[in-house]
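> When you get a sec, could you give me coordinates for this:
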Amino acid sequence: MDLFAPLKRALAEQNYEQPTPIQAQTIPAAIAGQDVLGCAQTGTGKTAAFALPILDYLGHEPQQPTPGRPNALVLAPTRELAIQISESFEVYGKHVKFRQALVYGGVGQGEQVRALRRGADVLIATPGRLLDLMEQGHINLSEVEMFVLDEADRMLDMGFLPALKKIIADLPRERQSLFFSATLAPKIRELASQLLFNPISVNVTPKTTSVEQIEQSVRLINRGEKLASLRDLLGSDQVEQSIVFTRTKHGANGLSKKLARAGISAAAIHGNKTQNARQQALTAFRNKRVNVLVATDVAARGIDIDGISHVINYDMPVEPESYVHRIGRTGRAGADGIAISFCTSDERDKLQAIEKWIGQSLRIENPDAKLDPPQPAPSKPRRRGGSGNRNHSGGNRSNGRNRSRKASSFA
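Predicted coordinates for the structure are as follows:
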């Protein structure tokens, strides 16, 4: 690839030799100034697919960043993903002169505001905090030339569409946009059509691709046997680093404490944890001071940690697509991975939905298991009073390549 020489040097130092499919198909087009619509799961190398073109542009056209006015904006749905993207920019841009700022909620804004005042070529942000700082006058997006929307489907799932509309409305009409999503549902395509101008479309992740290299199985089990079975599984020599998924935040907290009492080093991560607590848990897991991360689906996307040998679904996911995102935490970057799902009689319908979603039957480890009959669903109390619904409150640029284009307006 015709990349800026210092970028090639950094990639060589990381032993990067062959681009992944998403990189091979998007980087040349992005360097040429085209808009990109990329369908790719995490773990496929898509961070480099947008980071390298941004750094290539900054390397060829260095400029003094203006305080509060970034040249490139990367939006990510979660704090964890934003931090990982920032770390990737540091690695790839090791020999490129550029500044970046990282903006996310859950922590004080003081240091983030100071970084913006120093000037940043690249701003990596979550929508909520970005919009807050824009409204306070700390950020002006009028000079953004390259805009990246990462994990767009997750953005919509988390309810960020109103914030996205406000942010995108403040972007200059002349810009280059790179749009990435794990799925291309109708709402995602509609958002992309409003954001992108004559994009190239790259789809390298049909829904079964990311799970084919992962050894998957299902263990039929009664709810009262789950904890003992999990302890035995985690005690195996084959299990090095594992993520255990629960359905609820309360369940994640309780399970991590029970594992700790059993002598298994575990930490919980979910949306109710403070940002510092979440980062401490991730750091301890990444550094192998903790061997088990007990998580809800908030951690199923955007956590990119090598060496996870097992993903264990302690509770079956409610949505079948969450299964793919959960087990995608293992088997990353071509490595092998193992995913084991505990399934009670109450969860057989969820198993069937997953098999339909991924287009294959999962291997049952113990098909002759005797399970307790399903429990009846708890009845909901009838609400007194009235019935019915209640309302609750990229521009013309050149670095020797053709980058001329005009973005469509965002309706």
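> Give me the buried stretch members for stretch 130-138, please.
130-131, 133-134, 138 (16 or more other Cβ atoms under 10 Å). Where C-beta positions appear, they are placed from N, C-alpha and C, glycine not excepted.
> From those, pick the one nearest Leu11.
Nearest to Leu11 among the buried residues of stretch 130-138 is Leu130, at 29.0 Å by Cβ to Cβ.
> Which secondary structure state does that closest one sit in?
Under DSSP: H, G, I helix; E, B strand; the rest coil, Leu130 falls in the helix class.
> Contacts only, for it.
By Cβ atoms under 8 Å, 6 or more residues apart in numbering, Leu130 lies in contact with 75, 103, 123, 139, 163, 167.
> just to confirm, which helix or strand has the nearest residue to the fourth one once chain neighbours are set aside in it?
Translated: Ile139. Of all residues not flanking Ile139 in the chain, Leu133 sits nearest, at 4.8 Å (Cβ to Cβ, 6 or more residues apart in numbering). Using DSSP states H and E, Leu133 maps to helix 127-135.
> now that helix: mean pLDDT?
Averaged over helix 127-135, pLDDT sits at 95.
> Do a quick rundown of the helices in this structure.
5-13, 21-31, 46-60, 79-92, 110-118, 127-135, 152-157, 161-169, 186-195, 226-234, 249-261, 275-286, 320-327, 348-358 (DSSP state H).
> measure the residue lying closest to Glu240 once chain neighbours are set aside to Ile200 for me?
What sits nearest to Glu240 in space, not counting adjacent residues and going by Cβ to Cβ, 6+ apart, is Ser309, at 4.3 Å. As judged by Cβ to Cβ, to the nearest Å, Ser309 and Ile200 stand 36 Å apart.
> repeat for Arg117
For Arg117, the distance to Ile200 - Cβ to Cβ - is 37 Å.
> Same check on Gly254?
As judged by Cβ to Cβ, Gly254 and Ile200 stand 47 Å apart.
> Could you give the number of residues near the nearest residue to Ala369 once chain neighbours are set aside?
In space, and not counting its chain neighbours, Ala369 is closest to Leu220: 4.0 Å by Cβ to Cβ, 6+ apart. Neighbour count for Leu220, taken as other Cβ atoms under 10 Å: 20.
> Now do the same contact list for Leu220.
By Cβ under 8 Å, 6+ apart, the neighbours of Leu220 are 343-344, 364-367, 369, 371.
> Buried ones among these?
By 16+ other Cβ under 10 Å, the contacts of Leu220 give 343-344, 371 as buried.
> is it true that Ser201 touches Gln34?
No - applying Cβ atoms under 8 Å as the test, Ser201 and Gln34 come out as separate, 10.7 Å apart.
> Which one's more surrounded, the two?
Neighbour count, other Cβ under 10 Å: between Ser201 and Gln34, Gln34 has more, with 22 against 15.
> excluding its backbone neighbours, what's nearest that one?
Nearest non-adjacent residue to Gln34 (Cβ to Cβ, 6+ apart): Ile200, at 5.5 Å.
> Could you verify my assumption that the one you found touches Ala29?
Yes - contact criterion Cβ under 8 Å: Ile200 and Ala29 qualify, at 4.8 Å.
> Could you name every residue contacting both of these two?
Residues touching both Ile200 and Ala29 by Cβ under 8 Å, 6+ apart: Val36.
> what's next to stretch 269-276, contact-wise?
So stretch 269-276 is contacted by 79, 104-107, 249, 252-253, 278, 281-282, 293-296, 298-299 (Cβ under 8 Å, 6+ apart).
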